[in-house]
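[1] Could you work out the structure for the sequence below:
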Amino acid sequence: MKRSLYIGFVSAFILCGALSMSAVNAQTPSEQDVVNASSVPLRVQTKTLADDDRVQVIEERFAPGAESESVARPYRVVRVLRGGKLERIFPNGLRKPVDWRSGEVLIANASAPYILKNVGTDEVVLYAVRLKN
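    Presented below is the predicted three-dimensional model:
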């Protein structure tokens, strides 16, 4: 009886040790992985509302920190559904702040590529009608 109790105790001790070792060796994200994941910029959510051979109508939602692709933009009319602080980032590194006010309407000429980034704390929502060539 003493021997079986001893074997049971040793078995339980070994099992607990194995479980604790597996918990220690479990894959957890390293600090570097977390930093790399957070350094990936958020992307703008773009929804196409209408599209034909002459115009494209879109809605763009910029979460705080979200940025657009660096693309050339066609002649367009933009209505600000929800305003906030954006920043234009040009390929040469130049940054130009833009404050959008809700209800504002902008007619913009075609432009060279740039990134548009939400540098504010609120979501910015734009409604744009883009002319096609």
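
[2] Just the pLDDT for Leu86.
    Leu86 carries a pLDDT value of 97.

[3] Look at it and say how many residues are nearby.
    Using other CB atoms under 10 Å, Leu86 is surrounded by 23 other residues. C-beta here means a position set from N, CA and C on the backbone, and glycine is covered the same way.

[4] which residues does it contact?
    62, 97-100, 116-120, 124 (CB atoms under 8 Å, 6 or more residues apart in numbering).

[5] Among those, which one has the most neighbours?
    Phe62 (27 neighbours).

[6] Look up which residues are beta-bridged to that one.
    Counting by DSSP bridges, Phe62 is bridged to Val124.

[7] That one is in contact with Val44, isn't it?
    Yes. Counting by CB atoms under 8 Å, Phe62 touches Val44, with 5.4 Å between them.

[8] one step back: inside strands: which ones of the contacts of Leu86?
    62, 97-100, 116-118, 124 (DSSP state E).

[9] Tabulate the residues you listed (JSON lines), appending pLDDT.
    Shown next, in JSON lines, are the ones in strands among the contacts of Leu86 (pLDDT from 0 to 100):
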{"residue": "Phe62", "pLDDT": "98"}
{"residue": "Pro97", "pLDDT": "97"}
{"residue": "Val98", "pLDDT": "95"}
{"residue": "Asp99", "pLDDT": "96"}
{"residue": "Trp100", "pLDDT": "95"}
{"residue": "Leu116", "pLDDT": "96"}
{"residue": "Lys117", "pLDDT": "97"}
{"residue": "Asn118", "pLDDT": "98"}
{"residue": "Val124", "pLDDT": "98"}
